[in-house]
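K.L.:
following is a predicted model, sequence given first.
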Amino acid sequence: MSRRTRAIAFGVVAAICAAVAATIADGYGANVANQFGELRPVVVSGGELRPGAPLGPGDLRGLEVRRVPARFTPPDALASPEEAVGREPAAPVPPGSYLLASQLRAPRSKERAGRPPLERGRRAVEIAVTGAEALGAVGGSPEGSSVDVVVTTEPGPGGKGRTYVAAVGVELLALREGGGGLGADESGLGAGGDWSATLALTRAQSLELIQAENFARQVRLLPR
């Protein structure tokens with residue numbers, strides 16, 4: 001037998017073996033499906049996934065897709081690795097585990113993640129204020145600084161309003177322009193500038209300032 005004949009024979013045998021293997025695999029899959037129900041694709045982690053960074057396209061190489069009977073898969077198991085791109089694990093995912101939608105979260109803002117938690121008994125409360133552009137007059141971002149909150153009430157029977165400090169030395173968490181709150185004229189624009197401030201307040205301060213936001217003539221922030 002010549003070399004060419006032997007090569008052809010080996011090729012034919014290899015093709016037959018591949019066809020037999022495919023038939024066996026298809027038969028096995030059909031048998032599993034008949035016994036346990038429909039098969040569905042699920043994503044399995046090839047290595048441990050750690051929280052702290054969103055998954056990118058390069059991380060997809062560490063994810064595998066397997067076909068598993070639907071009755072054995074969690075309802076929120078991912079069916080495609082691409083579904084995980086841009087999201088980060090909320091907790092470590094061990095190797096060989098199903099990758100679930102509930103295990104992933106949107107990446108946290110670095111600025112928010114690096115901010116220390118609020119003091120005990122304080123909460124973030126958003127209120128409308130006027131004239132907050134003065135906070136930026138000294139340069140830099142005023143967020144993270146301490147401010148006093150000054151309230152001016154509407155004129156009473158005597159024709160004069162009362163001005164008092166409603167909160168002393170509270171942290172300014174965020175400040176943005178716009179909102180159509182205090183100091184707004186009929187067009188919705190405040191004469192002194194209309195702003196929305198998020199402050200770290202106690203419960204008592206929150207209730208007082210929310211009430212002032214609705215009924216006071218003016219609420220201002222003073223830098224300390």
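P.N.:
Structure received. Numbers count the residues shown, from 1 in each chain.
K.L.:
sort out which residues of stretch 93-106 are buried, please.
P.N.:
The neighbour-count check on stretch 93-106 (16 or more other Cβ atoms under 10 Å) flags 93, 98-100, 103-104 as buried. C-betas here are computed from N, CA, C, even on glycine.
K.L.:
could you work out the most separated pair of the residues you listed?
P.N.:
Spatial extent of those (Cβ to Cβ) is set by the pair 98 and 104 at 12.1 Å.
K.L.:
quick revisit: could you dump the buried residues of stretch 93-106 into JSON lines with distance to residue 52, secondary structure and pLDDT added?
P.N.:
Formatted as JSON lines, these follow (distance: Cβ to Cβ, whole Å; DSSP: H, G, I helix; E, B strand; the rest coil; pLDDT from 0 to 100):
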{"residue": "93", "distance to residue 52": "12", "secondary structure": "strand", "pLDDT": "88"}
{"residue": "98", "distance to residue 52": "21", "secondary structure": "strand", "pLDDT": "90"}
{"residue": "99", "distance to residue 52": "16", "secondary structure": "coil", "pLDDT": "90"}
{"residue": "100", "distance to residue 52": "18", "secondary structure": "strand", "pLDDT": "89"}
{"residue": "103", "distance to residue 52": "14", "secondary structure": "helix", "pLDDT": "86"}
{"residue": "104", "distance to residue 52": "13", "secondary structure": "strand", "pLDDT": "86"}
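K.L.:
out of those residues, which comes closest to residue 82?
P.N.:
For these, the closest approach to residue 82 (Cβ to Cβ) belongs to residue 99, at 11.7 Å.
K.L.:
which ones are touching the closest residue in space to the closest one that isn't next to it in sequence?
P.N.:
Closest residue to residue 99 apart from its sequence neighbours, by Cβ to Cβ, 6 or more residues apart in numbering: residue 43 at 4.4 Å. Neighbouring residues of residue 43 by Cβ atoms under 8 Å, 6 or more residues apart in numbering: 63-65, 77-81, 83-84, 98-99.
K.L.:
between the residues you listed, which is closest to residue 175?
P.N.:
For those, the residue nearest residue 175 by Cβ to Cβ is residue 84; the value is 35.5 Å.
K.L.:
now the closest residue to that closest one other than its chain neighbours. Its backbone dihedrals?
P.N.:
Leaving aside its chain neighbours, residue 84 sits nearest to residue 55 (4.9 Å; criterion: Cβ to Cβ, 6+ apart). Backbone torsions of residue 55, given as degrees, to the nearest 10, read phi -80, psi 130.
K.L.:
give me the beta-bridge partners of the residue nearest to residue 99?
P.N.:
Using DSSP bridges, the bridge partners assigned to residue 43 are residue 65.
K.L.:
what pLDDT does it get?
P.N.:
In this model, residue 43 is scored at 93, pLDDT.
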